[in-house]
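Asks: quick one, fold the following:
(chains A and B)
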Amino acid sequence: GESVGLHLPTLSVQEGDNSIINCAYSNSASDYFIWYKQESGKGPQFIIDIRSNMDKRQGQRVTVLLNKTVKHLSLQIAATQPGDSAVYFCAENSGGSNYKLTFGKGTLLTVNP
Amino acid sequence: GAVVSQHPSRVICKSGTSVKIECRSLDFQATTMFWYRQFPKKSLMLMATSNEGSKATYEQGVEKDKFLINHASLTLSTLTVTSAHPEDSSFYICSARVGTGAYEQYFGPGTRLTVT
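Replies: Numbers count the residues shown, from 1 in each chain, chains lettered A, B, ... in the order given. The predicted structure follows:
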């Protein structure tokens, strides 16, 4: 299950199961959202993005859902594999000419074989 | 495509010295590059936004004289940590925005700085 507390939120799943990682964003004016995967000691890796005029977007084994009413974003990973184990961050673009991203706290996904 | 490199990947320096970190976009021209700092088990904190040919824009609380940023070309930005202290030890990551109107940022592999 998912736990939230003083430490990095964690999600532990069995290999082959589907994973759902959630993110609450802060700015109702944000118009663009990205999910990144970060493995230990490495830089974030782009997974999938979505613009605010959409509520769902699918990629290879991943789906991003956007609920603007409650300012919620989720990442669904189908048939989770051990190689999916990493920290996942959502990020939002709040507008402005510099295209800055604001990152969420991150969720540690652990896939058990 | 959209590969970003950083050099060095790891650096150890003595307190009081300066360290330069390079960020390069290898297969595209980056109008804007960003520098982030990340503490263990924490999220990425934006330090500054760097536009080619102009001065960097620093986030609130980031000392511009401490963290010097130069974006000399469309493929290279550098971050220099001046007069480093142990509290500057961190993981520094750069990213680059692909082009005009593009939101997505592609990240470098990061640089682990340890100040002794």
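
Asks: neighbours around residue 61, how many?
Replies: The chain I'm using is chain A. If you count neighbours by other C-beta atoms under 10 Å in any protein chain shown, residue A:61 ends up with 14. Using the backbone N, CA and C atoms, a C-beta is placed for each residue, glycine as well.

Asks: wrong chain, I was asking about chain B
Replies: Around residue B:61 there are 7 other residues, counting by other C-beta under 10 Å.

Asks: report pLDDT for residue 108.
Replies: Chain wasn't specified; assuming chain A. With respect to pLDDT, residue A:108 scores 96.

Asks: chain B was what I was after
Replies: The model reports residue B:108 with a pLDDT of 97.

Asks: wait, it sits on residue B:9?
Replies: No: with contact defined as C-beta atoms under 8 Å, residue B:108 does not count as touching residue B:9 (9.5 Å).

Asks: check contacts around the residue in chain B that chain A sits nearest to.
Replies: Proximity of chain B to chain A (C-beta to the nearest C-beta) peaks at residue B:107, 3.8 Å away. By C-beta atoms under 8 Å, 6 or more residues apart in numbering or on different chains, residue B:107 lies in contact with A:36, A:43-46, B:4, B:93-95.

Asks: now secondary structure too, for these, in TSV please.
Replies: Listed next are the contacts of residue B:107 as TSV, based on DSSP: H, G, I helix; E, B strand; the rest coil:
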residue	secondary structure
A:36	strand
A:43	coil
A:44	coil
A:45	strand
A:46	strand
B:4	strand
B:93	strand
B:94	strand
B:95	strand
